[in-house]
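**Student:** predicted coordinates and the sequence they were generated for:
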Amino acid sequence: MNDAAHDLHAPHFIGIGGAGMSGLAKILAVRGATVSGSDAKESETVRALRELGATVFVGHAAEHLPAGTSSVVVSSAIRADNPELVAARERGVPVVHRSDALAALMGGRRALAVAGTHGKTTTTSMLAVSLGELGLEPSYAIGGDLDAPGSNAHHGAGEIFVAEADESDRSFHKYAPEVAIVLNVELDHHANYASIEEIHQSFETFVGRIQPGGTLVVSADHEGARELTRRVAGRAGLNVVTVGAAEDADVRVLAVAAHGMTSEVTVELGGERLVFTVSVPGRHYAHNAVAALAAGVALGVPAEGLAKALGAYTGVRRRLQLKGEARGTQVIDSYAHHPTEMAADLEAIREAAGAGRVLVVFQPHLFSRTQQLAEEMGLALALADASVVLDIYPAREDPIPGVTAELIIDAARRAGADVRAEHDFAAAPAVLAALAAPGDLVLTMGAGDVTNLGPEILAALADVAPAV
């Protein structure tokens, strides 16, 4: 998987419709590469790539690998027996991991990489939008769409490249950023990390990849991030900037004032106070914005202009995205699947709901994550007024005996939550519609296909009389 830059003039992407893969395919297509790929199903993302000139097949088959393919790009989710991957190896076509391809695309640019157990997509998006507002024309690769399908990546004419850096499979070790953000360090991705110590070592390796004279922007509030700061303190050629509400933070968050679905943030940076608006609710999103601000300043972007530009960010698809309103009930979509993310989004929505109730339909993601974090997920759901828990979304995993959504439900009930199971995915919209009353907020939560329920819940709400 070496010399990826020379292998990307005619790449074939296996799983081209995925969030990370589609972004790289888009940038390469815009740069003039002959892009092909395959995905399991048709999607808006696939259609958007075809409009850029990419050849995309539905389904996986050896014959989908075009003659003249310079490399096959894969993610860690692609299994070794995938027929296109097998064909590539038989034909001697170089196999390039997604992270190597992204590293090659960042070559020659001023790279800013955003890492952390959660919050990466939002923070990367905030930087992409705000730097674009300032006319800096950044390139970017994000793990989610800003608004329309295909907006997860962009080839810009400017010198800055902003990238989401994924720790889940250690692929972020491939990047050599000028500035790196670490939002938090927590135990997750249990199939790849056996302990929090392994997580810390992985993040240390990532920090070690920062270019000499470069900057690490790191949270001063999360204990895991503070431990990382202690471990890398004193490294030659590394500037460390801490951000957060902690009194010892270099860039300090002084206040976050909620105003419905927006927040006003007061921050102290370089001895000056800045007040700016973040157009998404919740303290954790405000802190993400401050990390983005500090990183932009480390690249030389004026703080006042960047703070104002951050107000142009209005969210990412699936990150507290308003799907619509029916009969006085708003339906909002959340990608949260780790307990910390779940609690943060529920606290943010609680502030936005006012006198209304917060109702959740939650779909656990991965058997391994549920096995390790069911208790914490249940505690997070106790922050809602009522929850409906679906069966586990397996994604790439096989079932684990004894690991079901009931583990989360039992934990939530022990925490005093009003929670019920729903094993019939198609029945969930009617269940939520029957629960909801005008003024309530309904949250579809999880990293799987629970996102598809939003429109169906809105339709069900329109068809039933509001609850009293």
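**Tutor:** Right, received. Where do you want to start?
**Student:** list the contacts for Pro212?
**Tutor:** With contact taken as C-beta atoms under 8 Å, 6 or more residues apart in numbering, Pro212 is in contact with 236-237. (C-beta placed from N, C-alpha, C; glycine too.)
**Student:** please apply the same query to Ala353.
**Tutor:** 439-441.
**Student:** buried members of these into PyMOL, please.
**Tutor:** Command for PyMOL that selects the buried part of the contacts of Ala353, burial taken from 16 or more other C-beta atoms under 10 Å:
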select buried, resi 440+441
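**Student:** closest to Thr55 out of the contacts of Ala353?
**Tutor:** Using C-beta to C-beta, Leu441 is the member of these that lies nearest Thr55, at 42.4 Å.
**Student:** quick one: neighbours of the residue lying closest to Pro66 once chain neighbours are set aside, just the number.
**Tutor:** Closest residue to Pro66 apart from its sequence neighbours, by C-beta to C-beta, 6 or more residues apart in numbering: Ser36 at 5.2 Å. A count of neighbours around Ser36, defined by other C-beta atoms under 10 Å, yields 22.
**Student:** next one: Ser36 from Ala298, what distance?
**Tutor:** 38 Å (C-beta to C-beta, to the nearest Å).
**Student:** now do Ala460
**Tutor:** The gap separating Ala460 from Ala298 is 48 Å, by C-beta to C-beta.
**Student:** from the contact counts, what lies against the lowest-mean-pLDDT helix or strand in the chain?
**Tutor:** The weakest-scoring helix or strand in the chain, judged by mean pLDDT, DSSP states H and E, is strand 319-326 (a mean of 83). Identification of packing neighbours for strand 319-326 by 3 or more C-beta pairs under 8 Å, 6 or more residues apart in numbering; DSSP states H and E yields helix 120-133, strand 329-334, helix 339-353, helix 453-463.
**Student:** one more time with 10 Å
**Tutor:** Contact here means 3 or more C-beta pairs under 10 Å, 6 or more residues apart in numbering; DSSP states H and E; on that basis strand 319-326 packs against helix 120-133, helix 283-298, strand 329-334, helix 339-353, strand 441-445, helix 453-463.
**Student:** contacts only, for Ile400.
**Tutor:** In this structure, Ile400 makes contact with 366-368, 370-371, 392, 394, judged by C-beta atoms under 10 Å, 6 or more residues apart in numbering.
**Student:** just Asp449 next, same as before
**Tutor:** By C-beta under 10 Å, 6+ apart, the neighbours of Asp449 are 363, 390, 393, 395, 425.
**Student:** where's the fourth one relative to Ser368, distance?
**Tutor:** For Ala395, the distance to Ser368 (C-beta to C-beta) stands at 10 Å.
**Student:** before we move on, what about the third one?
**Tutor:** Using C-beta to C-beta, Tyr393 is found at 12 Å from Ser368.
**Student:** name the residue in the two with the higher neighbour count.
**Tutor:** Remark: of Tyr393 and Ser368, Tyr393 carries more neighbours, 20 against 16, as counted by other C-beta under 10 Å.
**Student:** surely Ser263 is within a strand?
**Tutor:** Yes - assigned with DSSP: H, G, I helix; E, B strand; the rest coil, Ser263 falls within a strand.
**Student:** ok, it touching Glu351?
**Tutor:** Yes - Ser263 is in contact with Glu351 according to C-beta atoms under 10 Å; the separation is 8.7 Å.
**Student:** would you mind measuring from the residue nearest in space to the middle of the chain to Gln371?
**Tutor:** Centroid-nearest residue in the chain, with C-alpha atoms, centre = their mean: Thr121, separated by 3.5 Å. According to C-beta to C-beta, Thr121 and Gln371 sit 25 Å apart.
**Student:** what's the answer for Pro399, then?
**Tutor:** 11 Å.
**Student:** Ser76 now?
**Tutor:** Applying C-beta to C-beta to Ser76 and Gln371 gives a distance of 20 Å.
**Student:** for the protein, give me the ranges with low pLDDT.
**Tutor:** 1-6, 144-150, 189-191, 315-319, 464-468 (pLDDT under 70).
**Student:** domains of it?
**Tutor:** Annotated domains of the chain cover 4-95, 107-310, 319-463 [automatic domain parsing].
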